[in-house]
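Enquirer: Predicted model and sequence below, questions to follow.
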Amino acid sequence: MSYYVTTPIYYVNAEPHLGHAYTTIAADVLARHMRQRGEDVFFLTGTDEHGEPVTLAAEKLGITPRELGDRHAANFKELAARVNVTNDFFIRTTDPEHAEVVAEVVQRMHDNGHVYAGTYEGWYCPRCADFKTESELDEGNKCPIHGIVVDWEKEDNWFFKLSAFQEPLERLYAERPGFVVPEIRYNEALSFIKGGLRDVSLSRARLKWGVPVPWDESQVIYVWIDALLNYYSALRYARKGEDLTDRFWPADVHLIGKDILKFHAVIWPAMLLAADIEVPRRVGIHGFLLLGEHKMSKSLGNVIDPNQVTDVYGADALRFYLMREVRFGQDGEVSPEGFELRYRNELANEYGNLASRTLAMIARYRDGVVPEAEAPEPLRADFEGLAETVQDRIDALDVSVALDEIWRRVKRLNAYVQEEQPWQLSKDPAESERLDAVLYGAAEGLRTVSVLLHPFMPESAERLLAALGREDRSLETAHFGAVPGGARVGELGQLFPKIEPAAAPAA
Ligand code: MSP
């Protein structure tokens, strides 16, 4: 089966920050997990380079939007590599192949009778590139996201008849209660639809930086219409000489932050219906990473640089922290202190130490070979159904609960070793069989959690599996007791070394 997962495409008006890394990492966890299940996966991320947000930022720097795009697209690509994500393609909306598909689909919407000429008059936030109603603004006509006073605009535009899709969208939502997750966002989108849909501008007259409207070259296509189509256009040209559309469309899940819900859960499916294209299966919404009480954002100036964190602690630690600290779907606070705490207590102590102790005991007491023994009963019971639960939680996009479930077993293994005290058992030859079972249990438990942790912490899980003498990371093998003893263990080194405070990134 195929599985197509996407991230939003990021604006190239500024450097990437932790909030961007967050969505990309979550999407990578899904992609890697699905590959473990043997699915045919396509994972897309990229950059949104047209429109006002980028034009304005470039103007400020005295460079062209293209130059700014090149600079930051490179940064976003580097970020993806640094946090070790396995995207199959990186799309840029300045790719000529993308522009071709945008023109084609918009033309189809037009030919199907869903586009007309009109005049937009109303509020507009150039930073959101979004038209705002009075009720969407804060006091003093301020954008609630960017805190700036928005503009009153009057422009002759081409319009998309979004209002004509009210009924089809309501039907879509009724037929597919899982179309938007979590449920709170489904309800939010549905009540927005039921509140009555107004037509939206499909083009901008004053801007030059964008894809020209195919039947009216004096206008460019509105940046959101252009950007949303990336999910569809990428499949046409991501592989030279091959069109992947039939293989992967409709997308299985668009992961996005809650700030761009309306575009993805209302406008996007309506656009696709207008062009006779199948709508995606699901839109998965996560909350905001907060620093203190505020959303981490460049415009508020409160950002953590993911490059600094990965330089010092590595990609796995950051991936783990973000997936564990904040319940996926909700807002959550992050902080350098919280990060260090989890690094030390959970990664270094609970996982890293358990691994090195287990390997050292197997080396010392059993000549470096995992004993062949029956899987010890208490552990077997504790691991029962774990892989299925993880799979189920990931399917529900409940990524952090999946990780909680795995981590409960890491803690359980620690407690088990502590209770059984293999270092005492080793002193008594009569306890030899018991020691075999305990060491096998610890090694097998570590193997099982590491297979399940692999999508979250690929490098560390891989190192540990290699040290346990096990190569296979398919989900089928993530059952406690599935693999017998007999493997020769190797060197591991420290998975999560102690970091001197001087090296740690400043808050
Ligand atoms: N270019 C548009 C998206 C077009 S998709 C067809 C855009 N770009 S953005 O760069 O401003 O933000 C994109 C995404 O970054 C957000 O939806 C969210 O996924 C992520 N985040 C940015 N800041 C964030 C936090 N502070 N916390 C969590 N995610 C955040 O909007």
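Expert: Structure received.
Enquirer: Tell me, how many residues neighbour Pro422?
Expert: Counted with other Cβ atoms under 10 Å, the neighbours of Pro422 add up to 24. Bear in mind the C-beta positions are built from the backbone N, C-alpha and C, glycine included.
Enquirer: What parts of this structure come near the ligand?
Expert: Within the chain, the positions near the ligand by Cβ under 6 Å from any ligand atom are 8-11, 19-20, 22-23, 48, 227-228, 230, 256-257, 259-260, 288-289, 295-297.
Enquirer: Strands - which of those land there?
Expert: Mapping the residues of the chain next to the ligand onto strands (DSSP state E) picks out Pro8, Ile9, Tyr10, Tyr11, Asp48, Ile256, Gly257, Leu289, Lys295.
Enquirer: What about the second one, how many residues nearby?
Expert: Put plainly, it is Ile9. For Ile9, the neighbour count with other Cβ under 10 Å is 25.
Enquirer: What of the third one?
Expert: Close neighbours of Tyr10, defined as other Cβ under 10 Å, add up to 23.
Enquirer: Which pLDDT value belongs to Leu172?
Expert: If you check Leu172, the pLDDT there is 98.
Enquirer: Which strand or helix spans it?
Expert: Leu172 belongs to helix 166-175 when assigned by DSSP states H and E.
Enquirer: Can you give me the buried ones in that helix?
Expert: By 16 or more other Cβ atoms under 10 Å, the buried positions in helix 166-175 come out as Gln166, Leu169, Leu172, Tyr173.
Enquirer: starting at the chain centroid, how far to that helix?
Expert: 27 Å (Cα atoms, centre = their mean, to the nearest Å).
Enquirer: who's in contact with the residue of the stretch 1-150 of the chain found nearest the ligand?
Expert: Nearest residue of the stretch 1-150 of the chain to the ligand (Cβ to the nearest ligand atom) works out as Gly19 at 2.4 Å. By Cβ atoms under 8 Å, 6 or more residues apart in numbering, Gly19 lies in contact with Gly257, Phe288, Leu289, Lys295, Met296, Ser297, Val303.
Enquirer: So which of those residues is the closest to Pro144?
Expert: Among the contacts of Gly19, Lys295 lies closest to Pro144 (Cβ to Cβ), at 10.5 Å.
Enquirer: in terms of contact, does that closest one touch Phe288 like I think?
Expert: Yes - using Cβ atoms under 8 Å, Lys295 makes contact with Phe288 at a distance of 4.4 Å.
Enquirer: What ranges in the stretch 351-500 of the chain fall below the confidence cut-off?
Expert: Within the stretch 351-500 of the chain, no range satisfies pLDDT under 70.
Enquirer: what about the helices in it?
Expert: Using DSSP state H, counting those that start in this stretch, the helices of the stretch 351-500 of the chain run over residues 354-366, 377-383, 386-395, 399-420, 422-425, 432-453, 458-467.
Enquirer: send the alpha carbons of the second one over as PDB?
Expert: Read that as helix 377-383. C-alpha atoms of helix 377-383 as PDB (Å, rounded to 0.1, in the frame of the first residue of the first chain):
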ATOM      1  CA  GLU A 377       7.000 -14.200  31.900                       C
ATOM      2  CA  PRO A 378       6.600 -10.800  33.600                       C
ATOM      3  CA  LEU A 379       8.200  -9.000  30.800                       C
ATOM      4  CA  ARG A 380       6.400 -10.900  28.200                       C
ATOM      5  CA  ALA A 381       3.100  -9.800  29.800                       C
ATOM      6  CA  ASP A 382       4.300  -6.200  30.000                       C
ATOM      7  CA  PHE A 383       5.200  -6.100  26.300                       C
END
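Enquirer: For the remainder of this discussion, apply numbering that starts at 664.
Expert: New numbering, starting at 664: the last item is helix 1040-1046.
Enquirer: Does anything pack onto that helix? Which helices or strands?
Expert: Here helix 1040-1046 touches helix 1062-1083, helix 1095-1116, going by 3 or more Cβ pairs under 8 Å, 6 or more residues apart in numbering; DSSP states H and E.
Enquirer: repeat for the first one
Expert: Packing partners of helix 1017-1029 (3+ Cβ pairs under 8 Å, 6+ apart): helix 1062-1083, helix 1085-1088, helix 1095-1116, helix 1121-1130.
Enquirer: highest average neighbour count across the ones you listed?
Expert: Compared across the helices and strands packed on helix 1017-1029, helix 1095-1116 shows the largest average neighbour count, a mean of 24 (mean count of other Cβ atoms under 10 Å).
Enquirer: Next up, the contacts around whatever residue of the stretch 914-1063 of the chain ends up closest to the ligand.
Expert: Nearest to the ligand in the stretch 914-1063 of the chain, going by Cβ to the nearest ligand atom, is Gly920, at a distance of 2.7 Å. For Gly920, the contacting residues are Pro671, Gly682, Thr686, Ile948, His949, Gly950, Phe951, by Cβ under 8 Å, 6+ apart.
Enquirer: and the gap between the second one and Asp814?
Expert: Distance check for Gly682 against Asp814: by Cβ to Cβ, to the nearest Å, it reads 25 Å.
Enquirer: Quick check: buried residues in stretch 877-887?
Expert: Neighbour-count burial for stretch 877-887 [16+ other Cβ under 10 Å]: Gln882, Val883, Ile884, Tyr885, Val886, Trp887.
Enquirer: Can you tell me which of these is closest to the ligand?
Expert: Among these, and counting by Cβ to the nearest ligand atom, the member closest to the ligand is Trp887, at 7.0 Å.
Enquirer: Name the SS class of the closest residue to the closest one other than its chain neighbours, please.
Expert: If the residues on either side of it in the chain are set aside, Trp887 comes closest to Phe926, at 5.5 Å by Cβ to Cβ, 6 or more residues apart in numbering. Following DSSP: H, G, I helix; E, B strand; the rest coil, Phe926 is assigned to helix.
Enquirer: thinking again about what came up before, okay, and which of the buried residues of stretch 877-887 map to strands?
Expert: Secondary structure from DSSP E places Gln882, Val883, Ile884 of those in strands.
Enquirer: Wait, the first one touches Ser864, no?
Expert: No - under the criterion of Cβ under 8 Å, Gln882 lies out of contact with Ser864, with a separation of 9.7 Å.
Enquirer: Could you pull out the residues contacting both of those two?
Expert: Common neighbours of Gln882 and Ser864 (Cβ under 8 Å, 6+ apart) are Asn820, Trp821.
Enquirer: Relative to Val942, how far out is the residue of the stretch 764-913 of the chain found nearest the ligand?
Expert: Nearest residue of the stretch 764-913 of the chain to the ligand, counting by Cβ to the nearest ligand atom: Ala890, 3.9 Å away. Taking Cβ to Cβ as the measure, Ala890 falls 17 Å from Val942.
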